[in-house]
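Participant: could you look at this predicted model? Sequence included:
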Amino acid sequence: MKNSEICLLKTVESENSIMFNTFSHDIFKKGYSIHPNGLPSDLADMLWNHARDIPAEDYKKSGVDRDNEHTLDSEARTDKVCWIDTETQVGKSWIHWTDSLKNHLNKSLFLGMNKFESHFSFYGKGDFYKKHRDAFSVEDNRIFTLIVYLNPEWQDGHGGELIIYSREINSPAIKVKSMFGTVVLFLSEEFSHEVLPAHQDRLSIAGCFCVNRSSTPNDQEAIQQPEYRYQHGGYPHNPKNGSWPYLARQLEAV
């Protein structure tokens, strides 16, 4: 590897580290993080070009999970998705970035996430996704939801805003525009959200950082205990004040 390539790699890693620190700090304080231009511009360009080259027939109608079953529900959502794998260089670059983010969150927030899955989401004119959460009581292995927008020259009036509802009573909802390169990260169990109808074709990536709970015991009451959730990669809640990181006191002392 040439010296110029090594310097460029170090610069990218440094920029990622700064952004990842911002993500983890926001998550610790608020449970969510929203950053325009949060995705490296070269990676955003690669993903956008790749998504546009995917044949229309590869985008499939989306479904919803209810009672641990995956079903199509046109009243809940009308977007189409195409899952991202590592068979292409673009897919490998994306997974490399998300793996780096996952490792940083695991280290900085004392988590144990070990799985990530994502897909391109295409919203045509009029498409929407009604209010929902990305974590389900029957399988609470989704820790963080990650959304990245790939819409150059997106303007006010194009619709398709993401609405994130605060868990705090009487707190205003958060509206996020689908601007190119914007990164949104939030706790899957904590925040309901929806996508308003799009007035222009809209492209994004949606993914979840998860914990593989294949060795989870049958005792559901034990699973919800903070000690168990920490040891097995969940983000335990403090039952007294509802704050998310179980190790908040230790983190504040650092």
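Facilitator: That came through fine. Residues are numbered from 1 along each chain as shown.

Participant: so Lys130 touches Asp79, yeah?
Facilitator: No: shown here, Lys130 and Asp79 do not form a contact pair, counting by Cβ atoms under 8 Å, at 11.2 Å. C-beta: built from backbone N, CA, C; applies to glycine.

Participant: neighbour count winner among the two?
Facilitator: Asp79 (22 against 14; other Cβ atoms under 10 Å).

Participant: so where's the stretch 101-250 of the chain shaky on pLDDT?
Facilitator: Within the stretch 101-250 of the chain, the stretches with pLDDT under 70 are 136-140, 213-250.

Participant: could you show me where the helices are in it, in order?
Facilitator: In the stretch 101-250 of the chain, the helices defined using DSSP state H, counting those that start in this stretch lie at 220-223, 226-231, 248-253.

Participant: what's opposite the residue nearest to the spatial centre of the chain in the beta bridge?
Facilitator: Residue closest to the average C-alpha location in the chain (Cα atoms, centre = their mean): Leu146, at 1.1 Å. Taking DSSP bridges as the rule, Leu146 bridges to Leu185, Gly207.

Participant: how much space separates it from Ile205?
Facilitator: Using Cβ to Cβ, to the nearest Å, Leu146 is found at 8 Å from Ile205.

Participant: okay, and the common contacts of the two?
Facilitator: Both Leu146 and Ile205 are in contact with Ser118, where contact means Cβ atoms under 8 Å, 6 or more residues apart in numbering.

Participant: hmm, back to that, shared neighbours, Lys130 and Asp79?
Facilitator: By Cβ under 8 Å, 6+ apart, no residue touches both Lys130 and Asp79.

Participant: list the residues that contact the nearest residue to Asp134 once chain neighbours are set aside.
Facilitator: Computed as Cβ to Cβ, 6 or more residues apart in numbering, the closest residue to Asp134 that is not its neighbour in sequence is Ser188, at 4.2 Å. With contacts defined as Cβ under 8 Å, 6+ apart, Ser188 is in contact with 133-135, 142-145, 208.

Participant: got it, and Trp97?
Facilitator: 16, 39-40, 43.

Participant: could you rerun that using 10 Å?
Facilitator: Shown in contact with Trp97 (Cβ atoms under 10 Å, 6 or more residues apart in numbering): 12, 16, 20, 39-40, 43, 47, 148.

Participant: Phe120 now?
Facilitator: With contacts defined as Cβ under 10 Å, 6+ apart, Phe120 is in contact with 47-48, 50-52, 54, 58-59, 79-84, 148, 150, 203-206.

Participant: please report how far it lies from His193.
Facilitator: 18 Å.

Participant: correct me if wrong: Asp158 contacts Pro152.
Facilitator: Heads up, residue 158 is His, not Asp. No: judged on Cβ atoms under 10 Å, His158 makes no contact with Pro152 at a distance of 11.6 Å.

Participant: next, count neighbours for the closest residue to Cys210 other than its chain neighbours.
Facilitator: Distances taken as Cβ to Cβ, 6+ apart place Lys115 nearest to Cys210, at 4.2 Å, with adjacent residues excluded. By other Cβ under 10 Å, 15 other residues sit near Lys115.

Participant: surely Lys115 meets Asn106?
Facilitator: No: in this structure, Lys115 is not within contact of Asn106 by Cβ under 10 Å, at 11.7 Å.

Participant: in stretch 198-217, what's buried?
Facilitator: Applying a neighbour-count criterion of 16 or more other Cβ atoms under 10 Å, one finds 198, 200, 202-211, 216 buried in stretch 198-217.
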